[in-house]
Structures are given as structure tokens and as C-alpha cells.
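A.B. asks: Model the following, please.
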Amino acid sequence: MDMLFLLSGVACAVETVMLFMNKDFLIFMGNKNGTGLREEEFDLPRLYRAERWLFLIDAVTCIVLGLNLGNMLAEWICIALCLVTLVIHFNNFRSDLYKKRKRR
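C.D. replies: Here you go, the predicted model:
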């Protein structure tokens, strides 16, 4: 389980760095067969500005969990933060705030 958290933390850290460079590594990766999220639907600079901080929180919490830093309370706080950021990730992709405006 520790290895899983460490690998997840590293993947989130790589995605954070890529988002700070305004590129994507994970978010739209699964769209090769036409299903899933489409980059054309989103205002990418605005979405990347929000998602980079969420991925940073995910990276830190997963690495803390993987390295077993802190006591049991700290681990529960990290798990709660991961779940909260997961809900916010889903909310960002469903929100009209990050979708491109349709031109009239």
C-alpha cells in the first residue's frame, strides 16, 4: 500500500510540474478512443490554474502517506484531504466555469 501511495504521489507531482508549464500529462490521457474528456470543451489555462494546486495537494498527501510520516491523526487528515480534492477535481470538470464559452 505504501508503494501505491508513493507512485500516486510521484504521478501527481509530475502532473503538477506539467500543469505549471501549461501542459498536460494525466488529465486528457484517456481520450484516445473518443470517450472521456475532450480538451476542446475546456478553457485550458483557467482549468490548469485550478488543477495544478489540487494536484500539488494530492502529491504531498500521497507522499506523506507513502512514507508513513506523522502519526495516525496526520494520516487520517491526509486521507481526508485526498478525498476532498477528488471531489473538487470532479466538480471542476462538471462546472461551466472551466468550459469554453459558446460564441453566438
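A.B. asks: separation between the residue nearest the centre of the chain and residue 90?
C.D. replies: Per CA atoms, centre = their mean, the C-alpha nearest to the average position across the chain is that of residue 55, at 3.9 Å. Remark: distance between residue 55 and residue 90 (CB to CB, to the nearest Å) = 14 Å. (C-beta placed from N, C-alpha, C; glycine too.)
A.B. asks: contacting residues for the residue nearest to the centre of the chain?
C.D. replies: 12, 13, 15, 16, 19 (CB atoms under 8 Å, 6 or more residues apart in numbering).
A.B. asks: Could you list which of those residues belong to helices?
C.D. replies: Judged by DSSP state H, helices contain the following of these: 12, 13, 15, 16, 19.
A.B. asks: right, and the second one touches residue 57 too?
C.D. replies: Right, the one you point to is residue 13. No. Residue 13 lies out of contact with residue 57 (CB atoms under 8 Å); the separation is 11.1 Å.
A.B. asks: pLDDT below threshold where in this protein?
C.D. replies: Applying pLDDT under 70 to the chain flags residues 30-36, 103-104.
A.B. asks: so the nearest residue to residue 8 once chain neighbours are set aside is in which element?
C.D. replies: Of all residues not flanking residue 8 in the chain, residue 62 sits nearest, at 4.5 Å (CB to CB, 6 or more residues apart in numbering). If you go by DSSP states H and E, residue 62 is part of helix 44-67.
A.B. asks: likewise residue 74?
C.D. replies: Using DSSP H and E, residue 74 falls in helix 72-94.
A.B. asks: Output the contacting helices and strands for that helix.
C.D. replies: Under the contact definition 3 or more CB pairs under 8 Å, 6 or more residues apart in numbering; DSSP states H and E, helix 72-94 sits against helix 44-67.
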